[in-house]
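In: Build me a model:
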Amino acid sequence: MTYILGIDTSAYTTSIALLDGENNKILADERKVLEVKKGQKGLRQQDAVFQHLKNFPELFQRINHDLSKVKIVSVSSRPRNVEGSYMPVFTVGQNFGRVIAKSLNCKYVEYSHQENHIAASLIEDYKRVDKVIGVHLSGGTTEFIFARKSIKGFETEILGGTKDITFGQLIDRIGTLMDFPFPCGMHMEKYIEGKTFERMKTPPIRGDSFINLSGMENYYSNLYLNNKYTKESIIYSLFEYIGECIVHIINNLSSIQLNTVVISGGIASNKSIRNYIKSNIYDYEIIFPSVENSTDNGIGVALLPIIDRWYNEIKAD
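Out: Got it, this is the predicted structure:
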């Protein structure tokens with residue numbers, strides 16, 4: 001039996017997953033969101049690194065399985081699968097991963113955080129697709145990419161996105177203004193759940209496959225500070241606007257003739273945004289990961305060696 005240990009130390013979450021590689025079964029899924037002080041809009045990399053160093057041994061201790069069966073340690077080592085992509089937080093996962101692999105005398109492999117998200121979206125049916133439009137929506141990333149399966153991981157090419165701030169940054173900036181804990185999206189979503197409120201018109205979208213969000217922070221901040229609408233109305237409008245932007249960009253990706261779109265990342269866990277996309281995309285098959293696997297995790301990176309094995313066996317045939 002082959003176990004795969006997946007490690008992802010991203011900007012805001014420490015994640016470890018253990019996967020039964022023969023049966024494609026998740027044996028352990030341990031995560032801990034990094035702590036951000038109230039009122040702050042993020043973490044400095046050195047603070048995030050320090051928290052990962054504290055969190056990792058605690059999470060690793062929780063895995064109650066025979067780790068001698070681990071044959072591969074798979075780690076997210078960088079944000080994207082391009083040369084020069086780097087963030088200090090990922091060095092924590094790299095270093096722990098190398099030590100564990102050396103101790104267990106097993107294989108050590110690296111992928112990108114973005115590939116991790118794509119794989120986590122395909123865990124239910126990874127054999128169906130080898131070319132997809134990938135949409136990566138997280139606190140620091142808004143990218144629409146062409147993802148093509150390669151011998152190892154995915155080759156990616158950016159097709160669209162935002163030119164300035166990301167959707168996650170827009171949500172968090174409005175959320176912290178409204179005094180929600182950071183990261184704000186999940187708290188804002190819970191706040192409007194089950195409530196009635198006045199619907200308001202969303203602002204126009206500027207751009208085609210690449211759009212500008214500049215001005216939207218001021219737009220929604222002014223609505224809130226001037227008490228023109230309730231908090232619920234503003235949050236719902238913000239989520240609807242982001243959903244409209246995602247649909248708008250996807251519909252402008254005419255250069256790539258693909259009909260499958262994989263939408264991943266923390267923003268993809270938002271039910272309001274998910275429902276808007278599902279109700280307004282007609283020409284594509286939309287694949288969302290589970291809500292739990294939309295956020296940062298170690299499951300996708302644990303699955304990637306299995307996807308590689310399947311793909312390379314198919315190519316060999």
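
In: And this protein, what are its domain boundaries?
Out: For the chain, automatic domain parsing gives the domain ranges 3-123+292-316, 161-287.

In: May I see those organised as TSV, with mean neighbour count and mean pLDDT added?
Out: C-betas here are computed from N, CA, C, even on glycine. Converted to TSV, the domains of the chain look like this (neighbours: other C-beta atoms under 10 Å; pLDDT from 0 to 100):
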stretch	mean neighbour count	mean pLDDT
domain 3-123+292-316	20	95
domain 161-287	18	94
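
In: if we compare the ones you listed, which one ends up closest to Lys131?
Out: Ranking those by proximity to Lys131 (C-beta to C-beta) places domain 161-287 first, at 6.0 Å.

In: next structured bit after whichever strand or helix holds Phe96?
Out: Following DSSP states H and E, one finds Phe96 within helix 89-104. Counting by DSSP H and E, the next helix or strand C-terminal to helix 89-104 is strand 107-112.

In: and the next element down the chain from that following strand?
Out: The helix or strand immediately downstream of strand 107-112 is helix 113-121, counting by DSSP H and E.

In: The following helix or strand past that next one pairs with which strands, parallel or anti?
Out: Once the chain leaves helix 113-121, the next helix or strand it forms, by DSSP H and E, is strand 131-137. Note on strand 131-137: by DSSP bridges, its sheet partners are strand 142-149 (antiparallel), strand 260-264 (parallel).

In: Restricting to C-alpha, output the first one in PDB.
Out: What follows is strand 142-149 as a C-alpha-only set of coordinates in PDB (Å, rounded to 0.1, in the frame of the first residue of the first chain):
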ATOM      1  CA  THR A 142      -7.100  36.200  -9.400                       C
ATOM      2  CA  GLU A 143      -5.900  34.300 -12.500                       C
ATOM      3  CA  PHE A 144      -7.700  32.600 -15.400                       C
ATOM      4  CA  ILE A 145      -5.300  30.100 -16.900                       C
ATOM      5  CA  PHE A 146      -5.000  27.500 -19.600                       C
ATOM      6  CA  ALA A 147      -3.800  24.400 -17.700                       C
ATOM      7  CA  ARG A 148      -2.400  21.500 -19.700                       C
ATOM      8  CA  LYS A 149      -1.400  18.300 -18.100                       C
END
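
In: Sounds good, over and out.
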